Every structure is written in structure tokens, then in C-alpha cells.
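Undergrad: show me how the following folds:
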Amino acid sequence: MKKILAIAISLFTTTVSADATTLLVEITGAGATFPFPVYSKWADVYKTETGKRINYQSVGSGAGIKQIQAKTVTFGASDMPLDQKDLDKYGLFQFPTVIGGNVIAVNIEGMKNNELNLDGQTIADIYLGKIKKWNEPAIVKLNPNVSLPNTNITVIRRSDGSGTTFIFSKYLSSVSKEWNDKVGTGTALEWPAGVGAKGNEGVAGNVAQTKNSIGYVEYAYAKQNNLIIAKINNVVPSKQTFQNNEWPITAPTYIIMYKTPVDAAAQKEAFKFFKWAYENGDKIANELDYVPISDEEKTKIIKGFFL
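TA: Numbering: from 1, shown residues only. Below you'll find the model as predicted:
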């Protein structure tokens with residue numbers, strides 16, 4: 001009797017060969033923490049259905065980009081899309097998976113979820129270090145019926161190269177000329193204020209543990225950690241407001257792969273996973289408050305890359 005031995009070590013392991021030869025394919029990915037909740041759930045369900053594993057390391061977009069450029073992983077993941085010049089330089093292509101929202105989380109004693117209201121300029125001034133206390137006039141003006149403490153604000157921001165930071169700083173650059181001129185947009189910044197934390201996990205954890213703090217995180221992390229979320233311009237963040245473009249800090253997240261793969265078998269298996277996610281993953285994405293990309297765009301990507 002022919003035996004097929006399946007050995008799982010990283011992301012995917014695939015077995016099988018008609019002549020009973022064991023074929024081991026290792027699929028590895030690394031990058032953005034922003035989509036990690038949905039990628040990990042997709043991977044769990046995919047493994048249950050197919051027996052194949054995915055090893056995705058949530059290390060931040062900056063590290064993910066470096067690893068795919070260095071050809072040490074099957075795919076990278078980034079919330080900041082690479083420009084065409086960089087894609088061409090490294091022989092890469094990219095495609096979106098889901099859309100998510102960045103939210104502002106706070107830890108203020110007695111504050112209820114979606115009670116605090118902020119606007120872009122005020123958030124920028126907090127992160128510029130210009131607004132230092134929760135009861136300063138700019139915040140009070142936006143919250144006339146909210147009790148605000150006379151306490152210093154502890155600003156929490158990312159310490160690693162981060163697509164979440166790219167999305168957040170792009171928004172601040174669009175609403176604050178001073179932010180745009182002094183800090184700008186990027187995955188890693190020269191921060192004028194704040195305490196650094198690694199990953200969405202680190203920022204969420206620091207906000208949860210630090211009284212009178214503020215931080216920016218992907219929505220799923222705020223919900224998972226039961227953080228108090230602020231409104232922006234009186235808009236409450238939700239999958240619906242992300243989808244309707246009412247929430248101002250939303251963006252797609254991307255997978256990055258090689259045009260000419262180092263390991264063709266591994267890339268083929270990675271294609272199978274993302275094709276499966278496009279065809280079967282919307283329910284999971286919706287449950288985690290991500291917005292799936294359109295069916296039209298999925299069809300275009302499947303035909304262009306996966307077939």
C-alpha cells in the first residue's frame with residue numbers, strides 16, 4: 001500500500017504525488033499586523049478544510065516588505081502599497097485582500113465607548129505634542145457635554161515600520177498642514193511625541209494598561225481588547241461606515257509576491273490559499289469588521305494572477 005506522509009512545518013505543507021512520493025511545500029508570509037486577525041482566521045479554516053497550513057508572521061508592514069524584497073518569504077503583506085518603481089525594481093506584484101479601518105482608542109476613566117469626539121486637527125495636535133491634557137479647550141469644544149479630566153495625555157504610537165502608521169499619518173497629513181510639513185506620511189516616522197509600541201498588538205496592549213492614554217489601532221484589535229473608541233467628526237467607526245466611506249481612516253491591505261518566484265511550488269500553493277479566501281472568506285472578514293473587496297475586483301485578480 002502506498003503511503004503519503006504529510007509533515008507540517010510552517011505555513012502550508014502539501015503532500016502528495018501520484019507515485020506516493022512525499023512533496024513538502026513550505027509557504028511563509030510576513031508583514032502587516034493590520035490584517036492579521038482575518039488572515040489567521042482564514043488560515044485556521046483553510047487548514048481544517050484542506051489540511052494545509054499557513055505560517056504568517058505578524059511583524060509589521062516595514063519588516064514584511066524587507067523580507068519579500070530579500071526573497072526570504074513566499075509572500076509579504078503591507079498596508080502601504082509599493083509604488084510601481086519598487087515593484088519593478090524587485091520583480092514583484094501586489095493585490096488587495098480586504099479593507100479595514102484605523103480607529104482612535106483611549107483609556108480615560110469613566111469614558112464610554114463612542115462618547116469622546118475628536119477631529120483630525122485635534123488628533124494631529126495631540127500627536128504633535130501641542131495638546132497635552134484631556135481638558136484643553138480644543139477637546140472641550142468638541143465635547144461640551146463630556147466630563148474630561150485635567151490629566152496629561154499619554155500618546156502611544158508605533159515603534160516599528162508600520163502600514164497602520166502609514167494609513168494614520170496619511171490621514172493626519174491630509175487634515176493638518178503642520179503635521180504634513182513637520183512629520184509627513186510614512187511607515188516609520190520621526191515622532192514629535194509619544195511612547196512607542198510594536199505592532200497593533202503592542203499599541204492596543206499599551207492603551208489598555210495606561211490610564212489617560214491614546215493610540216491608533218486597526219478596528220479588530222480595539223474590539224478584541226475592549227478598548228474605548230473615539231468618534232471622529234461625530235462618526236462612529238463600524239464596518240458600515242468603513243464601507244460607505246464615512247469613516248476617514250480606511251484603506252486596503254496588500255499581498256506582495258514575486259513575478260518570477262524563488263519557489264514556484266510554494267507560490268502556487270499560496271495562490272490557492274488566496275483564491276480560496278476570495279471565494280470563501282467574505283463571511284469571516286465581515287464578522288471581524290473588515291470590508292471585502294468587490295466581486296468585480298476579485299474576479300479580475302483571480303484571472304490576472306491565480307489562473
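Undergrad: buried set for stretch 208-227?
TA: By 16 or more other C-beta atoms under 10 Å, the buried positions in stretch 208-227 come out as 208, 213-223, 225, 227. Backbone N, C-alpha and C define where each C-beta goes, glycine included.
Undergrad: and the gap between the spatially closest residue to Glu115 that is not a sequence neighbour and Lys275?
TA: With sequence-adjacent residues excluded and distances taken as C-beta to C-beta, 6 or more residues apart in numbering, Glu115 is closest to Val146, at 6.1 Å. Distance, Val146 to Lys275, by C-beta to C-beta, to the nearest Å: 48 Å.
Undergrad: next: Asp263.
TA: Relative to Lys275, and taking C-beta to C-beta, Asp263 is found at 18 Å.
Undergrad: and what of Ala230?
TA: 38 Å.
Undergrad: the more surrounded of these two?
TA: Neighbour count, other C-beta atoms under 10 Å: between Ala230 and Lys275, Ala230 has more, with 24 against 16.
Undergrad: who's in contact with the more buried one?
TA: If you count contacts by C-beta atoms under 8 Å, 6 or more residues apart in numbering, Ala230 has them with 103-106, 114, 116-118.
Undergrad: where do the strands of the stretch 101-250 of the chain begin and end?
TA: Secondary structure of the stretch 101-250 of the chain (DSSP state E, counting those that start in this stretch): strands located at 117-118, 154-158, 195-197, 213-218, 228-229, 231-232, 250-258.
Undergrad: show me where pLDDT drops low in the chain?
TA: Counting by pLDDT under 70, the ranges of the chain that qualify are 1-24, 307.
Undergrad: can I see the domain layout of it?
TA: Under the assignment automatic domain parsing, the domains of the chain span 28-100+251-306, 101-250.
Undergrad: distance from the chain centre to the longest one, please.
TA: Right, domain 101-250. Put simply, domain 101-250 sits 15 Å off its chain's centre (C-alpha atoms, centre = their mean, to the nearest Å).
Undergrad: now do the same end-to-end measure for that domain.
TA: 4 Å (C-alpha to C-alpha, to the nearest Å).
Undergrad: which residues does the most centrally placed residue in the chain contact?
TA: Taking C-alpha atoms, centre = their mean, the centroid of the chain lies closest to Phe34, which sits 1.5 Å from it. Listed by C-beta under 8 Å, 6+ apart, the contact set of Phe34 reads 61, 79, 100, 163-164, 167, 200, 218, 253.
Undergrad: repeat the analysis, applying 10 Å as the threshold.
TA: Residues in contact with Phe34 (C-beta atoms under 10 Å, 6 or more residues apart in numbering) are 58, 60-61, 77-79, 98, 100-102, 162-164, 166-167, 199-200, 217-221, 251, 253, 290.
Undergrad: number of nearby residues for Lys133?
TA: Counted by other C-beta under 10 Å, the residues lying close to Lys133 total 13.
Undergrad: repeat for Pro292
TA: When neighbours are counted by other C-beta under 10 Å, Pro292 comes out with 21.
Undergrad: now the closest residue to it other than its chain neighbours: phi and psi?
TA: Nearest non-adjacent residue to Pro292, counting by C-beta to C-beta, 6+ apart: Asp282, 4.3 Å away. When read as degrees, to the nearest 10, the backbone of Asp282 gives phi -60, psi -40.
Undergrad: look up how far Lys303 lies from Asp282.
TA: According to C-beta to C-beta, Asp282 stands 18 Å off from Lys303.
Undergrad: the more surrounded of the two?
TA: More neighbours surround Asp282 than the other of Asp282 and Lys303, with 17 against 9 (other C-beta under 10 Å).
Undergrad: which residue ranges of the stretch 1-150 of the chain form helices?
TA: For the stretch 1-150 of the chain, helices defined by DSSP state H, counting those that start in this stretch occupy the ranges 36-50, 61-69, 84-90, 120-127, 137-142.
Undergrad: with mean neighbour count and distance to Lys177 added, can I get these in JSON lines?
TA: Listed next are the helices of the stretch 1-150 of the chain as JSON lines, based on neighbours: other C-beta atoms under 10 Å; distance: least, C-beta to C-beta, whole Å:
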{"stretch": "helix 36-50", "mean neighbour count": "18", "distance to Lys177": "33"}
{"stretch": "helix 61-69", "mean neighbour count": "24", "distance to Lys177": "26"}
{"stretch": "helix 84-90", "mean neighbour count": "12", "distance to Lys177": "27"}
{"stretch": "helix 120-127", "mean neighbour count": "21", "distance to Lys177": "9"}
{"stretch": "helix 137-142", "mean neighbour count": "14", "distance to Lys177": "16"}
